[in-house]
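In: the following comprises the amino acid sequence and a computationally predicted model.
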Amino acid sequence: MSRTIIITGASGKFGKVLVEKFLEEGDSVIAIGGTKKKLEQLKSYNKNKLQHLYTICIDLMKDDSIENVIKVIKDLGLEPDSLINNARNLKHTQLDKKGRASSKNFLDEFKLGVVVPYQLTMLLVDTFRSSFKNVVNISSIYGSVAANLKLYENPLKESAIQYGVAKSALQHLTKELSVRLAKNSVRVNCAAFGGIEGRVSEAFKKRYSELCPSGRMLSKDEIFGPIDMLLSEKTSGMNGHVMMIDGGWTIW
């Protein structure tokens, strides 16, 4: 049975993989992103499946953005059953010369990474009571453990404290919502990933591999499977679970 899945951060590293794979599975995808050009590129990458791909260009940081997303979905005549909270903005993880986060960046990281997923989830539950059943929040190993500063050449500049704090809050939000939305027959789970190859130097990759039990970083081909599993009816007994996809990083 095909699904209708909302993906925030759809034009980013994770998002592009998820959009492509869910379309290949025969699902319909509502791809939300903040840049029109990147969403157009997303369409070009999936031009053979455009009849099942819907894009919404919106800044989720704006106060009326969640309501506008719901309006567009309703206007399209869609009945979403699943949400993947994946939106990020790398600008929010910038640090100053002392390696400290400004109040603005700290609050913006928390808003996009925790408040927006909460608000979007709750409004979808209220609006699509008969169809909406599944939420997967995308987190990180740094939501469960503190950053290992030995991984970085310049940890003061490269390891943003607000990122881990927000991801930790997202993992707890997963648990809270799983309890509060159980009466609505909505499952809320979380996929927490370790480092993914692709945007790091060979030196970083080597350091990471030496600190990880599996001896390597994850590949982008390992993104889709766990999320697809969490959305599957075959895992209907899983609720409030934080699944670690990290090569064993968090067991050390």
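Out: Done, it's in. Numbering: from 1, shown residues only.
In: what's the spacing between the residue positioned nearest the centre of the chain and residue 17?
Out: Among the residues of the chain, the one closest to the centroid is residue 86, at 2.1 Å (Cα atoms, centre = their mean). Distance, residue 86 to residue 17, using Cβ to Cβ, to the nearest Å: 10 Å. (Glycine included, C-beta is placed from N, CA and C.)
In: what's the answer for residue 36, then?
Out: Distance from residue 36 to residue 17, by Cβ to Cβ: 21 Å.
In: same check, this time on residue 114
Out: 23 Å.
In: which of those two has more neighbours?
Out: Per other Cβ atoms under 10 Å, whichever of residue 114 and residue 17 has more neighbours is residue 114, with 21 against 17.
In: the residue nearest to the more buried one when sequence neighbours are not counted and residue 72, how far apart?
Out: Leaving aside its sequence neighbours, residue 114 sits nearest to residue 169 (Cβ to Cβ, 6 or more residues apart in numbering; 4.7 Å). To residue 72, residue 169 is 28 Å away according to Cβ to Cβ.
In: residue 197 touches residue 223, doesn't it?
Out: No - with contact defined as Cβ atoms under 8 Å, residue 197 does not count as touching residue 223 (10.9 Å).
In: what segments of the stretch 151-252 of the chain are strands?
Out: 187-193, 242-245 (DSSP state E, counting those that start in this stretch).
In: parallel or antiparallel, which strands does the longest one pair with?
Out: Sheet pairing here is set by DSSP bridges, and for strand 187-193 it gives strand 134-140 (parallel), strand 242-245 (parallel).
In: with respect to residue 2, which of these lies nearest?
Out: With Cβ to Cβ as the criterion, residue 2 lies closest to strand 134-140 of the strands paired with strand 187-193, at 13.7 Å.
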